[in-house]
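[1] structure for this input, please:
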Amino acid sequence: MSTVAEAQEALAQIRASRAQLARVAHCPPARHLAFAALEAGFVASPAAAPYQLLAIVPLLLGLVLILRWDRRRLGMFINGYRRGRTRRVIAAFLPMVLALYGASVYVVFARQQIWPALLLGAVMFGLATWMSHVWQRVFVRELEASL
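    Numbers count the residues shown, from 1 in each chain. Model (predicted):
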């Protein structure tokens, strides 16, 4: 009998923690913009050729800072590639990132033009900002649906 009560209490605690996470999971606008800046920097990085690898270093540092920011704000980092509907958002987003990055590499190395790579980075910034908002909306909806 006590195991049933304990199981019900454990489920209630899980629901309460999910409800709490759903309340605080809304990122501040700066967090969406920081993610978008990293994605834009990645897409525009071929413009830094022949120092492209050096251009990636600040992006990696930015990623570490975002991880720390999320851990301070939420107490954890929520992986964007987690199971559920959010994975579909990432699955739709990833080909766009790769296509823009591929186009950036092409214009820099085959066409010897830098400005299109920077323009593609700006496009990526807008797209990544939007996708970050979509991902968050789907994540919160998933949490609320599981309550």
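[2] can you check the pLDDT for residue 82?
    You'll see residue 82 listed with a pLDDT of 78.
[3] for it, helix, strand, or coil?
    coil (DSSP: H, G, I helix; E, B strand; the rest coil).
[4] for it, grab the count of nearby residues.
    By other C-beta atoms under 10 Å, 12 other residues sit near residue 82. Where you see a C-beta, it was placed from the backbone N, CA and C, and this is true even at glycine.
[5] quick check: phi and psi on it?
    The phi/psi pair for residue 82 (degrees, to the nearest 10) reads phi -70, psi 160.
[6] ditto for residue 53
    phi -60, psi -40.
[7] neighbours around it, how many?
    The burial count for residue 53: 10, using other C-beta under 10 Å.
[8] do the same with residue 56
    Neighbourhood size, residue 56 [other C-beta under 10 Å]: 14.
[9] got the contact list for it?
    If you count contacts by C-beta atoms under 8 Å, 6 or more residues apart in numbering, residue 56 has them with 42, 45.
[10] what's the pLDDT at it?
    Per the predicted model, pLDDT is 93 at residue 56.
[11] for residue 109, same thing?
    Reported pLDDT for residue 109: 96.
[12] isn't it right next to residue 52, touching?
    No. Counting by C-beta atoms under 8 Å, residue 52 is not a contact partner of residue 109; they are 9.9 Å apart.
[13] what do these two both touch?
    What both residue 109 and residue 52 touch, as defined by C-beta under 8 Å, 6+ apart, is the set residue 46.
[14] so which strand or helix has residue 16?
    Per DSSP states H and E, residue 16 falls inside helix 2-24.
[15] which other helices and strands does the helix or strand following that helix contact?
    Per DSSP H and E, the first helix or strand lying C-terminal to helix 2-24 is helix 29-44. When contacts are defined as 3 or more C-beta pairs under 8 Å, 6 or more residues apart in numbering; DSSP states H and E, helix 29-44 sits against helix 52-74, helix 85-109, helix 115-145.
[16] packing partners for the last one?
    This means helix 115-145. Helix 115-145 packs on helix 2-24, helix 29-44, helix 85-109, going by 3+ C-beta pairs under 8 Å, 6+ apart.
[17] closest to residue 67 out of these?
    Shortest separation from residue 67 across the helices and strands packed on helix 115-145 is recorded for helix 29-44, at 11.0 Å, computed as C-beta to C-beta.
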